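The following comprises the amino acid sequence and a computationally predicted model.
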Amino acid sequence: MKSISLYLFCGCILGMFCSNEISGEYSSRRIPYVFTLNKDSTFFYRYHFQFDNEYSLGRWHKSGKNTVTLNSHYKEKLLRLQVQQDNNINRGDNVNLNIVTPDFDREYYECLIFVNDTLHAKQKCDSIISVSIKKPVQDVFLGFTADRTADPLLASRLLDTLYTEKLYPKSDAFDKYTLRIAYNDSLFNYKVFDNEVFKITRKGLIFYDSKRKVRQTMPQQ
């Protein structure tokens, strides 16, 4: 019995990590990243450097001998569109959009309108934005970002833009659309981890930041 207990204890020491050993905070004063793996299998991630911020929340589990897998609460950052199609008997050369923007601090944000995957217009967010687009229109989607001239407290959001899913107009049947955006403010500066695997060594958690093209090893605190 003693030999079995000793074997299990040594196994954990040699790298077959127990959940209590894996859980904890991985960070360093030298680098702007923090990973917190909680004992209840939830995690928190934060990046903070000057005005650049990023965060994530979700769940983690041990997926290998020395690895853990993270899954964020949100699996994507796309805002959903609620689309109303208005039949227009006298169809013309344009597709007309009424964009009902979210009920948030509109005066601090800009609305980006993309047509055929190209930026078509950028303007201040109003409660309703009317746009007429010359055909052919293959797809339309929107973006929301902070207005750099409106409020310096929103500086971190200048580095992020939330996009909607795409609308594919049916030009043979409809020329008028009303678009309502299902807004989620929590998606600003949110990082999605979708079944991402991280290696944990005696030196700490190894993380490759694909956005900033850097690899970091964060020791456990």
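Nice, thanks for sending it over.

separation between residue 43 and residue 53?
As for residue 43, its distance to residue 53 is 17 Å (criterion: CB to CB, to the nearest Å). For glycine as for every other residue, the C-beta is placed from the backbone atoms N, C-alpha and C.

Compare neighbour counts for those two and give me the winner.
Shown here are residue 43 and residue 53; by other CB atoms under 10 Å, residue 43 has more neighbours (22 against 17).

quick one: pLDDT of that one?
Note on residue 43: pLDDT of 98.

Residue 113 is in contact with residue 164, correct?
No. Judged on CB atoms under 8 Å, residue 164 makes no contact with residue 113 at a distance of 10.2 Å.

Give me the common contacts of those two.
With contacts defined as CB atoms under 8 Å, 6 or more residues apart in numbering, the residues shared by residue 164 and residue 113 are residue 142.

so who does residue 159 touch?
If you count contacts by CB under 8 Å, 6+ apart, residue 159 has them with 51, 52, 189.

Nearest to residue 120 among those residues?
Nearest to residue 120 out of the contacts of residue 159 is residue 189 (CB to CB; 25.6 Å).

re earlier: among the contacts of residue 159, which ones are buried?
52, 189 (16 or more other CB atoms under 10 Å).

Sitting in strands, which of the contacts of residue 159 do you find?
Within the contacts of residue 159, residues falling in strands by DSSP state E are residue 52.

ok, now how distant is the residue lying closest to residue 102 once chain neighbours are set aside from residue 79?
Counting by CB to CB, 6 or more residues apart in numbering, residue 183 is the residue found nearest to residue 102 once chain neighbours are left out, at 3.2 Å. Separation of residue 183 from residue 79 (CB to CB): 6 Å.

Overlap of the contact sets of these two?
Jointly contacting residue 183 and residue 79 under the rule CB under 8 Å, 6+ apart are residue 144.

the more surrounded of these two?
Taking neighbours as other CB under 10 Å, residue 183 and residue 79 compare with residue 79 leading, 19 against 16.

Pull the number of nearby residues for residue 154.
17.

residues in contact with it?
Residue 154 is in contact with 108, 146, 147, counting by CB under 8 Å, 6+ apart.

For the second one, give me its contacts.
In this structure, residue 146 makes contact with 108, 109, 110, 154, 155, 157, 158, judged by CB under 8 Å, 6+ apart.

Kindly report the same for the last one.
Contact criterion CB under 8 Å, 6+ apart gives 107, 108, 109, 110, 124, 154 as the residues in contact with residue 147.

Reformat these as JSON lines; add pLDDT.
Formatted as JSON lines, the contacts of residue 147 follow (pLDDT from 0 to 100):
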{"residue": "107", "pLDDT": "82"}
{"residue": "108", "pLDDT": "84"}
{"residue": "109", "pLDDT": "88"}
{"residue": "110", "pLDDT": "89"}
{"residue": "124", "pLDDT": "88"}
{"residue": "154", "pLDDT": "71"}
